[in-house]
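# Predicted structure and sequence below. I'll ask about it afterward.
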Amino acid sequence: MSISPQRREEIIDALRRGTVPRNSLDTFAVGLNRFEAALDEELRKVSSGGSVFKAVRGEYGCGKTFFARWLCDRARKLGFATSEVQVSETETPLHRLETVYRRLTERLATADTPQGAMRNIVDRWFFTLEEDVLAEKTIDGSDEQALLARTNELMEQRLAKVSTTAPMFSAALRGYRTAQADSDQATADGILAWVSGQPNVAANAKRFAGVKGDIDHFGALNFLQGVLTVLRDSGQAGLLVVLDEVETIQRVRSDARDKSLNALRQLIDEVDSGRFPGLYLLITGTPAFYDGPQGISRLEPLAQRLHVDFQTDARFDNPRAVQIRLPGFDFDRLCMVGRKIRDIYVQHSTSVDRITRLCDDEYVSQLAHAVAGKLGGKVGVAPRIFLKKLAADVLDRIDLHADFEPRKDYSLTITDLELNAVERQAMGAVNVDDIELDL
């Protein structure tokens, strides 16, 4: 698959850093085709005004974050806005939905804005409202005051349902629009920051909009309804929100853990009730989170909602189920991904012949074996470090140095500093049974 030089560089840059690229993941995804039809069907349902909740399970290293970003990339190509929120014990605790909402708006992305798209979406919405007002042909476009007043009326009509539960959302947007019309950009910025859930917004900005305090746990869900309304009216197909690594709630205090599980149950029930038309909510977690004593089993109603029978052969899994499992990485998939990355690397490169000759399929397989061997034979945790070594240590050097030959000049080394906790545990294990995971 041919991609642009910019996309190619974004992919390779991310792999050099040992991170998952945010775009064009379909160019090197393997083993996900089994989910495509069901996920596309669910995205179509959401774009038609429905809502979907999905849970993804998989062991460390099987590609949960990759899967989530692959789905986000797929959704953006269908006109969705997306947001990826990484749940953490300190920065984004799941039981504080106001913080989750703030991270959601901070990471809001569209096809033309990779992050921080909230302002563009709101401005596009007001532009759409103005176009609708002008289409009525009852107001002269040169009469700015009349246009502003009618736009505000139309805004109130579109937000009528949301205003019953979150009247401050529409009040804040009205204030934002008025501040922009007055060329008071500082006040407009403050109001939009408040709408986005940011704390410590200047009092004069809130006073201008007629709002008070900060968005709380319950207000966050009301404001999410408002964001969905704005997205829909501004031309987006819907919103895909990823809550990544929800298993981290197993490590917090028991009271915070129980609050987080209850918040998750609340989110699922709200999605099922139809409160959030246009929302696709995806969570990712390890099997221990779904099956273990410190996970969802602590809250029986939540466990019931997410239960799926995984006792049958994985070949017969139902991709339409509320919970789906990702297959673990095996050696063949690891090599396949390596070959795809090499083929992406040679695109727009001046060293095509050297790269394809010196980093052929056999060498990719040898490197994959070496990396997996360094990690205690645990292929499932090898992809990140393998692709980092392939991109930065092998392909770049072949491209940069005319006399570099990886079979002769390169010896694989992996240090503790470049590994995450799971990879470090795998590297220190004598055999696979010695690996202890912090669950």
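Right, received. Where do you want to start? Residues are numbered from 1 along each chain as shown.
# Helix, strand or coil: sort out residue 54 for me.
strand (DSSP: H, G, I helix; E, B strand; the rest coil).
# got a pLDDT number for it?
Residue 54 is assigned 97 on the pLDDT scale.
# For the residue nearest to it when sequence neighbours are not counted, grab phi and psi.
Setting aside the residues directly before and after it, residue 54 is nearest to residue 282 in space (CB to CB, 6 or more residues apart in numbering), at 4.8 Å. To be clear about C-beta, it is placed using only N, CA and C from the backbone, and glycine gets the same treatment. Backbone torsions of residue 282, given as degrees, to the nearest 10, read phi -120, psi 130.
# so residue 282 touches residue 243, yeah?
Yes: using CB atoms under 8 Å, residue 282 is in contact with residue 243, at 7.2 Å.
# What does the residue nearest the centre of the chain show for phi and psi?
Nearest to the geometric centre of the chain sits residue 84, at 2.7 Å (CA atoms, centre = their mean). When read as degrees, to the nearest 10, the backbone of residue 84 gives phi -110, psi 120.
# now the one 5 residues further on
Torsion angles at residue 89 (phi, psi; degrees, to the nearest 10) stand at phi -70, psi -40.
# so what's it up against?
248-249, 251-252 (CB atoms under 8 Å, 6 or more residues apart in numbering).
# Nearest to residue 275 among the residues you listed?
Nearest to residue 275, judged by CB to CB, of the contacts of residue 89 is residue 249 at 22.9 Å.
# Kindly provide the distance from that closest one to residue 366.
40 Å (CB to CB, to the nearest Å).
# what's the answer for residue 59, then?
According to CB to CB, residue 59 stands 25 Å off from residue 366.
# Looking at these two, which one has more neighbours?
Using other CB atoms under 10 Å, the more surrounded residue of residue 59 and residue 366 is residue 59, with 20 against 15.
# Test my guess that that one contacts residue 329.
No: at 9.1 Å, residue 59 does not count as touching residue 329 under the criterion of CB under 8 Å.
# Now do the shared contacts for those two.
residue 380.
# ok, back up a step: got a list of what the residue nearest to the centre of the chain touches?
Residue 84 touches 68-69, 72, 107, 242, 244, counting by CB under 8 Å, 6+ apart.
# same question, residue 341
11-12, 15, 28, 387, 390-391, 395.
# host element of it?
Per DSSP states H and E: residue 341 is located in helix 331-346.
# low-confidence ranges in this protein?
Applying pLDDT under 70 to the chain flags the ranges 1, 429-439.
# For it, just list every one of the strands.
For the chain, the strands defined by DSSP state E cover 52-57, 81-86, 239-244, 279-285, 323-325.
# Just put those in CSV and tack on distance to residue 173.
Converted to CSV, the strands of the chain look like this (distance: least, CB to CB, whole Å):
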stretch, distance to residue 173
strand 52-57, 27
strand 81-86, 17
strand 239-244, 17
strand 279-285, 19
strand 323-325, 37
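# Of the ones you listed, which is nearest residue 4?
Per CB to CB, nearest to residue 4 of those: strand 81-86, 20.2 Å.
# Export that closest one to CSV, keeping only CA atoms.
Listed next in CSV are the C-alpha coordinates belonging to strand 81-86 (Å, rounded to 0.1, in the frame of the first residue of the first chain):
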residue,chain,number,x,y,z
ALA,A,81,-14.1,12.8,15.8
THR,A,82,-12.0,10.7,18.2
SER,A,83,-10.4,11.0,21.6
GLU,A,84,-8.0,8.7,23.3
VAL,A,85,-7.9,8.9,27.1
GLN,A,86,-5.3,6.9,29.0
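# Pretty sure residue 21 sits against residue 8.
No: counting by CB under 8 Å, residue 21 does not reach residue 8; the two are 10.3 Å apart.
# residue contacts, the residue lying closest to residue 50 once chain neighbours are set aside?
Spatial nearest neighbour of residue 50, chain neighbours left out: residue 277 (6.8 Å); criterion: CB to CB, 6+ apart. Residues near residue 277 by CB under 8 Å, 6+ apart: 49-51, 228, 232.
# Out of the contacts of residue 84, who's the most crowded?
residue 242 (27 neighbours).
# circling back to that earlier point, can I get the contacts of residue 89 in CSV including distance to residue 176 and neighbour count?
Formatted as CSV, these follow (distance: CB to CB, whole Å; neighbours: other CB atoms under 10 Å):
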residue, distance to residue 176, neighbour count
248, 34, 21
249, 34, 27
251, 39, 13
252, 36, 19
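# Looking at the residues you listed, which one is closest to residue 262?
residue 249 (10.8 Å).
# Report the contact partners of the closest one.
Residue 249 sits next to 87, 89, 93-95, 256-257, 260-261, 289 when contact means CB under 8 Å, 6+ apart.
# Considering those residues, which possesses the most neighbours?
residue 94 (26 neighbours).
# Does that residue touch residue 260 like I think?
Yes: in this structure residue 94 lies within contact range of residue 260 using CB under 8 Å: 3.9 Å.
# one step back: can I get the contacts of residue 249 in TSV with distance to residue 153?
Formatted as TSV, the contacts of residue 249 follow (distance: CB to CB, whole Å):
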residue	distance to residue 153
87	40
89	46
93	40
94	38
95	39
256	44
257	47
260	41
261	43
289	48
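# Wait, residue 70 touches residue 29, no?
Yes: counting by CB under 8 Å, residue 70 does reach residue 29; the two are 5.4 Å apart.
# Give me the more crowded residue out of these two.
Higher neighbour count among residue 70 and residue 29: residue 70, with 22 against 19, using other CB under 10 Å.
# residues in contact with the more buried one?
Residue 70 makes contacts with 25-26, 29, 32, as judged by CB under 8 Å, 6+ apart.
# count of neighbours near residue 181?
Applying other CB under 10 Å, we find 15 other residues in the vicinity of residue 181.
# what do you get for the one 10 residues further on?
Taking other CB under 10 Å as the neighbour definition, residue 191 ends up with a count of 28.
# Next one: it from residue 171, what distance?
Distance, residue 191 to residue 171, using CB to CB: 10 Å.
# Give me the common contacts of the two.
Shared contacts of residue 191 and residue 171, counting by CB under 8 Å, 6+ apart, come down to residue 209.
# Residue 205 and residue 299, how far apart?
Taking CB to CB, one finds residue 205 at 39 Å from residue 299.
# more crowded one of the two?
residue 205 (23 against 17).
# neighbours around the nearest residue to the more buried one once chain neighbours are set aside, how many?
Spatial nearest neighbour of residue 205, chain neighbours left out: residue 190 (2.8 Å); criterion: CB to CB, 6+ apart. The number of residues packed around residue 190, counting by other CB under 10 Å, is 23.
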